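1. only geometry, no sequence info:
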RNA sequence: UCCGGGGUAGCUCAGCGGUAGAGCGGUCGGCUCAUAACCGACUGGACGCAGGUUCGAGCCCUGCCCCCGGAACCA
């Protein structure tokens, strides 16, 4: 049998500072996709990592009195700690200082060199002795003609030998590829940007630097190290065996989707495909450039970019501790369109949490289970022959699920969650209001039992629909009754979501404290 | 300056050719199983400005104003 594979990656991060909520946004968005694809039955490989071969890393390490390698290893540990806390289900985490990456990079650059796409040229620019690196025009402008980090030192104009990649030669092939694969760049707006960029100006890029000890040596000229993007982008192939395990590489590559920030779209959609073409490798199927999270300034109401200088950076751990990882995931996936930009403020976060999680999901969990305990001691008995679709009368659940499935598959998470909450979650509150099981219980136990069995099925359905987004809550919901005996939680899929469990009996298996289910999402003060 | 995105209810946004929508907020009423949660009703908008195309325009075209982002080491 040909097993369906799905290889998904995120951008690798600079370990100069700890990850913030914007970085986390990307990882969660990718994680939802990975979890969704696993539910769809694909064999998923989900890669993340850190981009460590930069000069800045060595500077930062030196500041802390460390060697580069121990420093990046510690940062990688810290990053992964955050990712684990956010329930990111990556299968691998590559550090570009690892040998597997170095080996793959050397092989790759040699292949491109052999293909005739690398030539020696001269790089001229403003060089800062303090930083031991060239400064961009932007840096120089910011520093008022001097290096922003060393305002007391003069910049020197320096020219040095450097290797260039012949990116400009790939203009037509890139445009042809975009035309032949309309889905290659997502979302649409990003695609248009790249096409016009490639049409108008595609320059050759500098890909090596001279005189650095940290980084990857260029095999055909050992005085040089591979520079920035040429190195970083290669993590996608080196992590799955390029240059070290060709059999595995052939099995895994090409990636199905690279999930990246909109700012680096050009490198992934122009430079990267050109590099792959040159090396004779297949291109990734899709690049998804997600939007940014801005911080809403609660005093001015302005949306600001997250930055250290504005002092508005929020660390994921802060929110995880105050709320929970699930709340964190819920907020960003439901409030910030993945393809566009989103906004964050503590107030909005608390509002969304209280409304979506505490008042709706969490409260429903409590009220349903409480009634089952109160009226039936938690044992609803056999569901044989019961109509468990009453709760969703007026709802075309199979059609809705198909739509949600399509939306999740194309990263339209806000819309998918909106439908789940607006139509599926709400339906339970309305169903309870209509059937009034708390009144029925006094007069008609059997009718009450049917209503509660329906609500149990609602919990099963919701558990499946939210699984990619809120894995923990999903498991809790699914485990609230003994559904898992018949259909294991690990094996549920959207395809099975609309089919009730029609045999056996329903029994409350949720943890009970003092005769009551513990609140899943305690309400918080919105301040 | 150039490129891109956007300006729709108090807030966040959907709608992209056919009688202005949702969530949150606010007001009133109902219910009591539940995390003062839930249900219902109501409230609330010259869809940035000015022209144009069309039987008909937030939705298409033109011009203008304003906001945001980018312009090749930034998630």
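-> Perfect, I can see it now. Everything numeric in this text was worked out from a predicted model, so none of it was measured.

2. Close to RNA strand B: what parts of the stretch 401-527 of chain A are there?
-> Listed as neighbours of RNA strand B in the stretch 401-527 of chain A under the rule Cβ under 7 Å from any atom of the strand: A:422, A:426, A:429-430, A:432-433, A:436, A:438-439, A:516, A:519-523. Where C-beta positions appear, they are placed from N, C-alpha and C, glycine not excepted.

3. residues in the stretch 201-350 of chain A within reach of RNA strand B, list them.
-> So the stretch 201-350 of chain A meets RNA strand B at A:201-203, A:205, A:227-228, A:260-261, A:263-264, A:266, A:270, A:290, A:292-293, A:301-306, A:335, A:337, A:340-343 (Cβ under 7 Å from any atom of the strand).

4. filter those residues to the buried ones?
-> Buried subset of these (neighbour count, 16 or more other Cβ atoms under 10 Å): A:202, A:205, A:227-228, A:260-261, A:264, A:266, A:270, A:290, A:292-293, A:303, A:306, A:335, A:337, A:342.

5. List just the nearest of the residues of the stretch 401-527 of chain A next to RNA strand B to residue A:232.
-> Among those, residue A:521 lies closest to residue A:232 (Cβ to Cβ), at 38.7 Å.

6. Surely the closest one is in contact with residue A:361?
-> Yes: assessed by Cβ atoms under 8 Å, residue A:521 is found in contact with residue A:361 at 6.9 Å.

7. what kind of secondary structure is the residue of chain A found nearest RNA strand B in?
-> Residue nearest to RNA strand B within chain A: residue A:362 (1.8 Å; Cβ to the nearest atom of the strand). Put simply, residue A:362 is helix when judged by DSSP: H, G, I helix; E, B strand; the rest coil.

8. Over to the one 4 residues further on?
-> Classification of residue A:366 into helix, strand or coil gives helix, according to three-state DSSP.

9. wait, it sits on residue A:522?
-> No: applying Cβ under 8 Å as the test, residue A:366 and residue A:522 come out as separate, 10.8 Å apart.

10. In helices only, show me the residues of the stretch 401-527 of chain A next to RNA strand B.
-> Among these, the members found in helices (DSSP state H) are A:426, A:429, A:430, A:432, A:433, A:438, A:439.

11. Can I get the buried part of those as one PyMOL selection?
-> Command for PyMOL that selects the buried part of those, burial taken from 16+ other Cβ under 10 Å:
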select buried, chain A and resi 432
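
12. Closest one of the ones in helices among the residues of the stretch 401-527 of chain A next to RNA strand B to residue A:159?
-> Taking Cβ to Cβ as the measure, residue A:426 is the one of these closest to residue A:159, at 66.6 Å.

13. OK, contacts around that closest one?
-> Going by Cβ atoms under 8 Å, 6 or more residues apart in numbering, residue A:426 touches residue A:360.

14. Strands of the stretch 101-250 of chain A, residue ranges please.
-> Assigned by DSSP state E, counting those that start in this stretch, the stretch 101-250 of chain A shows strands spanning A:118-128, A:133-135, A:156-165, A:185-186, A:205-206, A:208-210, A:217-218, A:221-226.

15. between these, which gets nearest to residue A:65?
-> Going by Cβ to Cβ, the one of the strands of the stretch 101-250 of chain A nearest residue A:65 is strand A:133-135, 20.6 Å.

16. Bridged to the residue nearest to residue A:3 when sequence neighbours are not counted, which residues?
-> Leaving aside its sequence neighbours, residue A:3 sits nearest to residue A:43 (Cβ to Cβ, 6 or more residues apart in numbering; 5.2 Å). Beta-bridge partners for residue A:43, by DSSP bridges, are residue A:5.

17. thought residue A:43 was touching residue A:6?
-> Yes: judged on Cβ under 8 Å, residue A:43 makes contact with residue A:6 at a distance of 7.1 Å.

18. Of these two, which one has the most company?
-> Taking neighbours as other Cβ atoms under 10 Å, residue A:43 and residue A:6 compare with residue A:6 leading, 20 against 12.

19. circling back: determine which stretch of the strands of the stretch 101-250 of chain A is the most buried.
-> Among the strands of the stretch 101-250 of chain A, strand A:185-186 has the highest mean neighbour count (mean count of other Cβ atoms under 10 Å), at a mean of 22.

20. and that one, anywhere near RNA strand B?
-> No: using Cβ under 7 Å from any atom of the strand, we find that strand A:185-186 stays clear of RNA strand B, coming within 12.5 Å at best.

21. Report the mean per-residue pLDDT for that strand.
-> Strand A:185-186 comes out with an average pLDDT of 86.

22. Point out the other helices and strands that it packs with.
-> In terms of contacts (3 or more Cβ pairs under 8 Å, 6 or more residues apart in numbering; DSSP states H and E), strand A:185-186 is packed against strand A:287-290.

23. What pairs with the very next helix or strand once past the strand it packs on, parallel or antiparallel?
-> Scanning forward in sequence from strand A:287-290 by DSSP states H and E, the next helix or strand is strand A:293-296. Applying DSSP bridges, strand A:293-296 is found paired with strand A:303-305 (antiparallel), strand A:342-344 (parallel).

24. TSV for these, including distance to residue A:247?
-> Shown next, in TSV, are those (distance: least, Cβ to Cβ, whole Å):
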stretch	distance to residue A:247
strand A:303-305	44
strand A:342-344	41
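
25. Would you reformat the ones you listed as TSV and include mean pLDDT?
-> What follows is those, written out as TSV (pLDDT from 0 to 100):
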stretch	mean pLDDT
strand A:303-305	70
strand A:342-344	84
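
26. low-scoring pLDDT stretches of the stretch 301-450 of chain A, where are they?
-> Scanning the stretch 301-450 of chain A with the threshold set as pLDDT under 70 gives A:301-303, A:307-311.

27. let me fix that: the stretch 1-150 of chain A
-> Within the stretch 1-150 of chain A, the segments meeting pLDDT under 70 span A:1-2, A:128-150.
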